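[1] Curious how this folds, go ahead:
(one chain, ligands or ions: 1)
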Amino acid sequence: MTSESTLTSGTVAGGPIPQTVATLRATFDAGRTKPLAWRLAQLDALRRMLTERAAEFEDALLEDLAKNPTESQIAEVGFVVGEIDHMRRNLRRWLRPRRVAVPGALQPAKARVVLEPVGVVLVIAPWNYPVQLLLAPVVGALAAGNAVVLKPSELAPATSAAMARLVPQYLDRSAVAVVEGAIAETTELLAQRWDHIFFTGNGRVGRIVAAAAAEHLTPVTLELGGKSPVYVDDSVDLAAAARRIAWGKFMNAGQTCVAPDYILATKAVAGRLAAELATAVRALYGDDTAQSPDYGRIVDDRHFERLTGLLGSGTTAVGGESEAASRYLAPTVLVDVPRDSAAMAEEIFGPVLPIVTVDGLDDAIAFIRAGDKPLALYVFSDRRDVRRRILTETSSGAVGFGVPAAHLAVGGLPFGGVGESGSGAYHGRRSLEAFSHEKAVLSKALAPDTLQLIYPPYTEGKDRFARGLLRKLG
Ligand code: NAD
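    Below you'll find the predicted structure:
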């Protein structure tokens, strides 16, 4: 923490956004955020905030999304602590200049890649994992030595308020600020000049962010969503597969960007799998999900109405019950879902799981390829050729064999989408790189001056050398 800050808090809605950005830029330009010691101190402070004030974050998540505190630890607070620890353990090494080979024609010389902070960055987060998706990118932004503005989602207001209250208490206020607010504030933020914008949310807003960034040629990372398919065949233990799928789907009441969106299976598998999904839901949440303290609620009325509107897309095999007052929607599985139904038109982002019948693997692959490239794709098959074909014949941000969602907890894997599901990636080393410029550095002594072989005036000998040289450089 610093006392020399001109910001009194993380600033509140309607606050002086340009002034906040100017303060952060002055801090960055003064070089304050560059030393490794500052970066490590900020990561430590962030970690302290998450551990000392864990209960405040858990309460906020309970209020915003009825998220169970254990789940908040696994997927929000504890997740970010894990990212910090991973970053802290490796940062010194990852920041070391990376030597690269110099072609013979340029020898003697040394070439290296140096990571440098980009400057003042903006992180815009959605509401569904409002702690993880705001702070995990911030770990990378701080580790890379940047000043950063955090923009939490207005749809998770308790968590947003907790961020605005706690972040300034722990982090360097001259370099880190929280700006709360909705579209008006985000629009004003986007009008500023940033050195990187990291956006997590839907593709519609992603386009707004990309267009605003283009005005200043600001690079963006877009972590978007989409319909993540699951392919299940009869070679696997369907009871075990159903448990995994139900866990990944109904966590946070289905409001997870990497949740299974729909299942592709043959008619025979679909029937058996639906029965196993019913058993799995009971095992996870008991006989009455509405009473389970482990099951979340839909974030707001608009999403509740949208989701209940999807229930007619097929035959209800599991769940289907809802209660508007508490925005409860039971874990629901629909079978015999037509490919042109409402449930298959857009990302579901809630606890409705359609099973679409396919003829077999070819049909499933063709169906996946016909849609947008998903954020994740899950395969439950013990057949190696099936796994290989899906891996090589489809494109998606990630592939999970036998497990949904968990790939994002592997720090060594880049997390991000492709095409409509986003561009750029983060987590672990990739978070550091997302917020760094990879500077190319070449050092060549003035003597001996080997380059005189290519200086004008050109001669026949130099021409012969150049033609050989080009082959070597190529
Ligand atoms: P959201 O509505 O909270 O929006 C995200 C952010 O954009 C918020 O901070 C919000 O204030 C801002 N925003 C909203 N409308 C805006 C506008 N018109 N102009 C400027 N800013 C605006 O969250 P959401 O988009 O509903 O989140 C759900 C989506 O995010 C889903 O599509 C989901 O798949 C995706 N998602 C992706 C990831 C990922 O890591 N790839 C993670 C979570 C969610």
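
[2] Okay, strands next: where are they in the stretch 351-474 of the chain?
    352-357, 376-380, 398-401, 422-423, 436-443 (DSSP state E, counting those that start in this stretch).

[3] out of those, which comes closest to residue 108?
    Between residue 108 and the strands of the stretch 351-474 of the chain, the tightest spacing by C-beta to C-beta is seen for strand 436-443, at 9.9 Å. Quick note: C-beta positions are derived from backbone N, CA and C, even for glycine.

[4] Single out the residue in the stretch 101-250 of the chain that lies closest to the ligand.
    In the stretch 101-250 of the chain, the residue found nearest to the ligand is residue 225; the distance is 1.9 Å by C-beta to the nearest ligand atom.

[5] List the residues that contact that residue.
    201-203, 257, 347, 349, 375, 417, 421 (C-beta atoms under 8 Å, 6 or more residues apart in numbering).

[6] Burial check on residue 267, number of neighbours?
    For residue 267, the count of nearby residues is 12 (other C-beta atoms under 10 Å).

[7] unless I'm mixing things up, it is touching residue 356, no?
    No: Residue 267 lies out of contact with residue 356 (C-beta atoms under 8 Å); the separation is 10.7 Å.

[8] and residue 341, backbone torsions?
    phi -80, psi 170 (degrees, to the nearest 10).

[9] How many residues are close by it?
    Residues near residue 341, counting by other C-beta under 10 Å: 16.

[10] circling back to that earlier point, mind putting the strands of the stretch 351-474 of the chain into CSV with mean neighbour count and mean pLDDT?
    Shown next, in CSV, are the strands of the stretch 351-474 of the chain (neighbours: other C-beta atoms under 10 Å; pLDDT from 0 to 100):
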stretch, mean neighbour count, mean pLDDT
strand 352-357, 25, 98
strand 376-380, 26, 98
strand 398-401, 19, 98
strand 422-423, 22, 98
strand 436-443, 13, 98
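
[11] near the ligand too, which of the contacts of residue 225?
    201-202, 257, 347, 349, 375, 417 (C-beta under 6 Å from any ligand atom).

[12] which two in the residues you listed are spaced the farthest apart?
    Checking those with C-beta to C-beta, the most distant pair is 349 and 417, at 14.6 Å.

[13] more crowded one of those two?
    Neighbour totals were compared for residue 349 and residue 417, and residue 417 leads with 28 against 23 (other C-beta under 10 Å).

[14] related to what we said a few turns ago, the strands of the stretch 351-474 of the chain: which one's closest to residue 89?
    strand 436-443 (17.9 Å).

[15] which helices and strands does the closest one pack with?
    Secondary-structure packing of strand 436-443 (3 or more C-beta pairs under 8 Å, 6 or more residues apart in numbering; DSSP states H and E): strand 110-117.

[16] Work out the sheet partners of whatever helix or strand comes next after the strand it packs on and label each with its direction, please.
    Tracing the chain C-terminally past strand 110-117 and defining elements by DSSP states H and E, one meets strand 120-124 next. Applying DSSP bridges, strand 120-124 is found paired with strand 147-151 (parallel), strand 196-200 (parallel).

[17] could I get these as JSON lines with distance to residue 313 and mean neighbour count?
    Formatted as JSON lines, those follow (distance: least, C-beta to C-beta, whole Å; neighbours: other C-beta atoms under 10 Å):
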{"stretch": "strand 147-151", "distance to residue 313": "34", "mean neighbour count": "26"}
{"stretch": "strand 196-200", "distance to residue 313": "27", "mean neighbour count": "27"}
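
[18] Reformat those strands as TSV; add distance to the ligand.
    Formatted as TSV, these follow (distance: least, C-beta to the nearest ligand atom, whole Å):
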stretch	distance to the ligand
strand 147-151	5
strand 196-200	5
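
[19] Near the ligand, which residues of the stretch 51-200 of the chain are found?
    124-128, 133, 151, 153-155, 182-183, 186-187, 200.

[20] what ranges of this structure fall below the confidence cut-off?
    1-15, 469-474 (pLDDT under 70).

[21] so residue 264 touches residue 364, yeah?
    Yes: with contact defined as C-beta under 8 Å, residue 264 counts as touching residue 364 (4.4 Å).
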